[in-house]
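In: fold the following.
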Amino acid sequence: MKLEPIQCPKCAARLSLAEGTNFCACDHCGTNFTVTWSQSEQPALTSFETSLTQLVTQQDFLVADRRLSYLAQDIAEAKAELEAAASEFGAAQTALTSVKTREDKAVRRPLVFLVTLSVATGLSLYLVLTAGRLWLILSIALAIGATYAYSRWQQARQNRFVVTRGGAKRVRLARQRWVAAQSCLNEFELERKLCEGKTRRFRYQDETLKTQSV
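Out: Residues are numbered from 1 along each chain as shown. Down below sits the predicted model:
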């Protein structure tokens with residue numbers, strides 16, 4: 001979905017609006033806004049608190065009253081989606097942590113072996129120079145072992161990168177789902193508050209007019 005760049009009317013921070021959204025919040029100052037879209041102009045932002053004090057026409061009242069009958073179900077579904085997304089996000093994080101721990105051990109074992117063989121090889125070469133050729137065969141064997149340990153270490157590092165990259169991708173996708181679900185729930189709750197305010201103000205206006213006409 002296309003994002004429209006726009007400035008926050010209150011603090012001038014940069015906002016990114018998903019095209020077609022009816023509400024947004026500034027991450028910098030925390031102000032909520034209602035969004036009005038037009039065909040040829042930039043979307044117009046109105047402070048949510050200001051929207052709660054505007055006059056309400058009968059058409060506005062009918063639309064808001066009708067929308068309220070559906071919002072309860074929408075909010076319940078959004079909450080269920082948020083819980084599912086949060087559970088998926090938590091499970092993905094736990095799985096990634098477990099995979100990293102396992103793969104770190106797999107990388108550490110050949111690394112310890114490599115360091116040990118390298119030190120032993122160096123010591124054996126020193127003994128070749130000081131104690132004769134009998135240590136040469138051991139030095140060659142240790143060097144071969146160190147080479148093998150190095151190849152295993154490199155392979156373990158590559159496996160760790162591949163496995164953890166897949167886990168990190170799942171975490172990222174789960175987080176995106178969680179953020180989208182949270183945003184959807186916030187929008188529904190703001191819409192409900194706005195609709196409740198419209199219906200309440202219209203009834204108050206209607207009662208006021210009736211009282212004045214008596």
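In: contacts and neighbour counts: CA atoms only from here.
Out: Fine.
In: Q59: neighbour count?
Out: 9 (other C-alpha atoms under 10 Å).
In: do T101 as well
Out: Neighbour number of T101 under other C-alpha under 10 Å is 12.
In: could you check how far it is from L125?
Out: Computed with C-alpha to C-alpha, to the nearest Å, the distance linking T101 and L125 is 36 Å.
In: what of Q73?
Out: The gap separating Q73 from L125 is 77 Å, by C-alpha to C-alpha.
In: next one: S47
Out: Distance, S47 to L125, by C-alpha to C-alpha: 78 Å.
In: quick one: mean pLDDT over stretch 25-39.
Out: What stretch 25-39 shows for mean pLDDT is 79.
In: next, name the residue at the spatial heart of this structure.
Out: Residue closest to the average C-alpha location in the chain (C-alpha atoms, centre = their mean): R175, at 3.3 Å.
In: tell me the pLDDT at it?
Out: 92.
In: that one contacts A91, correct?
Out: No - in this structure, R175 is not within contact of A91 by C-alpha atoms under 8 Å, at 11.0 Å.
In: comparing Q73 and L125, which shows the higher neighbour count?
Out: Set Q73 next to L125 and count neighbours by other C-alpha under 10 Å: L125 wins out with 18 against 11.
In: packing partners of the helix or strand harbouring G166?
Out: According to DSSP states H and E, G166 maps onto helix 134-213. Applying 3 or more C-alpha pairs under 8 Å, 6 or more residues apart in numbering; DSSP states H and E, one finds that helix 134-213 makes contact with strand 23-25, helix 58-131.
In: can I get the ones you listed in JSON lines with distance to Y148?
Out: Listed next are the helices and strands packed on helix 134-213 as JSON lines, based on distance: least, C-alpha to C-alpha, whole Å:
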{"stretch": "strand 23-25", "distance to Y148": "57"}
{"stretch": "helix 58-131", "distance to Y148": "8"}
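In: those: lowest mean pLDDT?
Out: Taking the mean pLDDT of the helices and strands packed on helix 134-213, strand 23-25 comes last: a mean of 79.
In: in that one, what counts as buried?
Out: Buried residues in strand 23-25, defined by neighbour count with 16 or more other C-alpha atoms under 10 Å: 23-25.
In: now the nearest residue to L185 once chain neighbours are set aside: how far from L111?
Out: Closest residue in space to L185, ignoring its immediate chain neighbours: A78 at 5.3 Å, by C-alpha to C-alpha, 6 or more residues apart in numbering. In this view, A78 and L111 are 49 Å apart by C-alpha to C-alpha.
In: circling back to that earlier point, how close does the residue nearest to L185 sit to N186?
Out: 9 Å.
In: more neighbours, those two?
Out: Shown here are A78 and N186; by other C-alpha under 10 Å, A78 has more neighbours (21 against 18).
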